[in-house]
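Colleague: below are the sequence and a predicted model for it; my questions follow.
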Amino acid sequence: MAVNTKVSLKKRESELAAIAKQMEVLNGEPFSDGELPTFANKIKETNQFPLRPKKLEILQVNVGYMCNQVCAHCHVDAGPDRKEIMTRETMSQILDVIKTTGAHTLDLTGGAPEMNPNFRWFVEQASAAGIQDFIVRSNLTIIRANPKYYDLPDFFKKHNIHVVSSMPHWTRGKTDKQRGDGVFDKSIKALQELNERGYGMPGSDLKLDLVYNPSGAFLPGDQASMEKDFKAALLEDFNIQFHNLFAITNLPISRFLDYLVASENYEDYMYALVEAYNPTAVQNVMCTNTISVSWDGWLYDCDFNQMLDLKVNHKIKHIKDYQEDLLLDRNIVISQHCYGCTAGAGSSCQGTVA
Amino acid sequence: MQKTYYDPKDLKKFGKISEWNEQLGEKFFDYYGKVFEEGALTAREKSLIALAVSHAVQCPYCIDAYTGDGLQRGITKEEMMEAVHVAGAIRGGATLVHGVQMMNKVNKLEM
Ligand code: SF4
Ligand code: SF4
């Protein structure tokens, strides 16, 4: 089913751009009529309610919703028309937190994080603050989008940044359908440039991982076999290498939810998620070791809750008041979208969890 | 009364056939699971074979199931359509090869 992939839901003034409307869908049928159990009831079956954080390992910072792409499945509803961008002031508050946090990983996401005018400054400061694993979620095409970004691979290398990039398929057709015309060729070029710098090469410390998410209303296949197929195809066709493939389930929020509803796949998709529910995956869902910070400094259990504006259930709600030990004592805010994290082998920004 | 013979929701209830004969049901599903495991053929190859056979036996449940399975495995629509043509070719061939039998019979009966 064709979706208008040129602009964000917000710009389209779509009904589902309103978060309340998304929550209404998630709380409605087939959950409200008892056809399917709510996520809370489901995790109660195995005494995993309420969901609680364990140890904080990852600080995930969303530096803004602006993006050079408008992918059909985007859970951020990102695009060139989104103006929400993190200021240097908020970044400074985060840098203060980085100096004392127990988290070993700083995970920068967006939109296209590189489009934030303070991106490089922030990376340099955070790097100096001694983060061990520094992830940037780069959409690859940004590297080829404009000459001012051409040196990004060198910049990433200089700061030993772990690059995690989306690649929905090893064929042009499937990739461009999900992410837009021309995305495949630009992504291939960007991957080759990263490889040239040593990124993703066997044994290299410059880590390059790819993210696969299905281009439609179906769940991802087995991560290990998908990785094998991706590696073989990218090597044979384009001489490209990378380290790991993370197979991520699309969560039913934002543009993907809009697509599910418009294509009349919503109900079947929720059935598929619930059917694939794996109680073991619940223990390791992302929110148990992550805190997500929005462009304007609010705190969330994960990037998905951020998009649904479900702020942390704690009196500390903003980065300026951040106190890690206190924040760990909270119940995670959940809803039906959480089924996306517990289907099959589970799903997180680092791939499967079970 | 149900107005159609097939209901897509019934696919989800497939497992229920064990309720009326547990022993045979379980044996079947156990066998089924084993058949599709990675072996001398990859699970991906087996999925494409299953898709082709689904068309040959014209089972709408199987077609739904193995189309979804193929998408999950990253099988492209070009690969899927080629598999369906294999099924079509065999079915067509199976019909047409009997033409030889017809020819034999005609040749025998005609003066
Ligand atoms: S590249 Fe990422 S952030 Fe940008 S539109 Fe696509 S999915 Fe969304
Ligand atoms: S959607 Fe967020 S809150 Fe829900 S399980 Fe996944 S990571 Fe946790």
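Modeller: Yes, it's here. Ligands and ions are numbered 1, 2, ... in the order given.

Colleague: ok, the closest residue to B:T42 other than its chain neighbours - contacts?
Modeller: Nearest non-adjacent residue to B:T42, counting by Cβ to Cβ, 6 or more residues apart in numbering or on different chains: A:S225, 7.9 Å away. Where C-beta positions appear, they are placed from N, C-alpha and C, glycine not excepted. The contact partners of A:S225, by Cβ atoms under 8 Å, 6 or more residues apart in numbering or on different chains, come to B:E38, B:T42, B:A43, B:R44, B:R73.

Colleague: give me the neighbour count for the closest residue to A:Q132 other than its chain neighbours.
Modeller: Spatial nearest neighbour of A:Q132, chain neighbours left out: A:H104 (4.5 Å); criterion: Cβ to Cβ, 6+ apart. When neighbours are counted by other Cβ atoms under 10 Å in any protein chain shown, A:H104 registers 13.

Colleague: A:H104 and A:I135 touch, don't they?
Modeller: No. Taking contacts as Cβ atoms under 8 Å, A:H104 lies outside contact range of A:I135: 11.0 Å.

Colleague: picking up where we left off before, distance check, the residue nearest to A:Q132 against A:K55.
Modeller: 10 Å (Cβ to Cβ, to the nearest Å).

Colleague: what of A:Q178?
Modeller: Counting by Cβ to Cβ - A:Q178 and A:K55 are separated by 34 Å.

Colleague: with A:C341 instead?
Modeller: Distance from A:C341 to A:K55, by Cβ to Cβ: 18 Å.

Colleague: ok, these two, which is more surrounded?
Modeller: A:C341 (25 against 10).

Colleague: work out for me the element residue 24 sits within.
Modeller: Picked chain A for this. helix A:19-27 (DSSP states H and E).

Colleague: correction: the question concerned chain B.
Modeller: helix B:22-35.

Colleague: after that helix, next one along is what?
Modeller: helix B:43-56.

Colleague: contacts only, for A:Y300.
Modeller: A:I291, A:S292, A:V293, A:S294, A:Q306, A:L310, A:K311, A:V312.

Colleague: top helix in the chain by residue count?
Modeller: This is for chain A. When chain A is scanned for its longest helix (criterion: DSSP state H), the result is helix A:223-238.

Colleague: my question was about chain B
Modeller: Under DSSP H, chain B gives helix B:77-109 as its longest helix.

Colleague: flag every buried residue along that helix.
Modeller: Of the residues in helix B:77-109, those with enough neighbours to count as buried (16 or more other Cβ atoms under 10 Å in any protein chain shown) are B:E79, B:M80, B:A83, B:V84, B:V86, B:A87.

Colleague: next, the angle from that helix to helix B:43-56.
Modeller: 50 degrees (axes from the mean of the first three to the mean of the last three Cα atoms, to 10 degrees).

Colleague: by contact count, what packs against helix B:77-109?
Modeller: Here helix B:77-109 touches helix B:43-56, helix B:60-72, going by 3 or more Cβ pairs under 8 Å, 6 or more residues apart in numbering or on different chains; DSSP states H and E.

Colleague: need those in CSV with mean pLDDT and distance to A:C287, can you?
Modeller: Output for these, formatted as CSV (pLDDT from 0 to 100; distance: least, Cβ to Cβ, whole Å):
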stretch, mean pLDDT, distance to A:C287
helix B:43-56, 97, 32
helix B:60-72, 95, 25
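
Colleague: in contact with the residue in chain B that chain A sits nearest to, which residues?
Modeller: Nearest residue of chain B to chain A (Cβ to the nearest Cβ) works out as B:Q72 at 4.0 Å. By Cβ under 8 Å, 6+ apart, the contact list for B:Q72 reads A:P214, A:F218, A:L219, A:P220, A:G221.

Colleague: repeat for A:K157
Modeller: A:R197, A:G198, A:Y199, A:L206.

Colleague: hmm, try it at 10 Å
Modeller: Residues in contact with A:K157 (Cβ atoms under 10 Å, 6 or more residues apart in numbering or on different chains) are A:V163, A:L194, A:R197, A:G198, A:Y199, A:L206.

Colleague: what helix or strand is it located in?
Modeller: Using DSSP H and E, A:K157 falls in helix A:152-158.

Colleague: now that helix: buried residues?
Modeller: With the criterion 16+ other Cβ under 10 Å, helix A:152-158 contains buried residues A:L152, A:P153, A:F155, A:F156.

Colleague: among those residues, which two are most distant?
Modeller: Comparing all pairs in the buried residues of helix A:152-158 by Cβ to Cβ, the longest separation belongs to A:P153 and A:F155, at 7.3 Å.

Colleague: common neighbours of the two, please.
Modeller: A:I161.

Colleague: one step back: what's the closest of the buried residues of helix A:152-158 to ligand 2?
Modeller: Set against ligand 2, the nearest of these by Cβ to the nearest ligand atom is A:F156 (26.2 Å).

Colleague: run a quick neighbour tally on the spatially closest residue to A:V163 that is not a sequence neighbour.
Modeller: With sequence-adjacent residues excluded and distances taken as Cβ to Cβ, 6+ apart, A:V163 is closest to A:L208, at 5.1 Å. For A:L208, the neighbour count with other Cβ under 10 Å is 24.

Colleague: what pLDDT does the closest residue to A:I188 other than its chain neighbours get?
Modeller: Spatial nearest neighbour of A:I188, chain neighbours left out: A:F238 (5.3 Å); criterion: Cβ to Cβ, 6+ apart. With respect to pLDDT, A:F238 scores 95.

Colleague: what's the answer for B:M1, then?
Modeller: 65.

Colleague: quick one: low-confidence ranges for chain B?
Modeller: B:1 (pLDDT under 70).

Colleague: middle-most residue in it, spatially?
Modeller: Centroid-nearest residue in chain B: B:S54, 2.2 Å away (criterion: Cα atoms, centre = their mean).

Colleague: from what I see, that residue and B:I63 are in contact.
Modeller: Yes. Contact criterion Cβ atoms under 10 Å: B:S54 and B:I63 qualify, at 4.7 Å.
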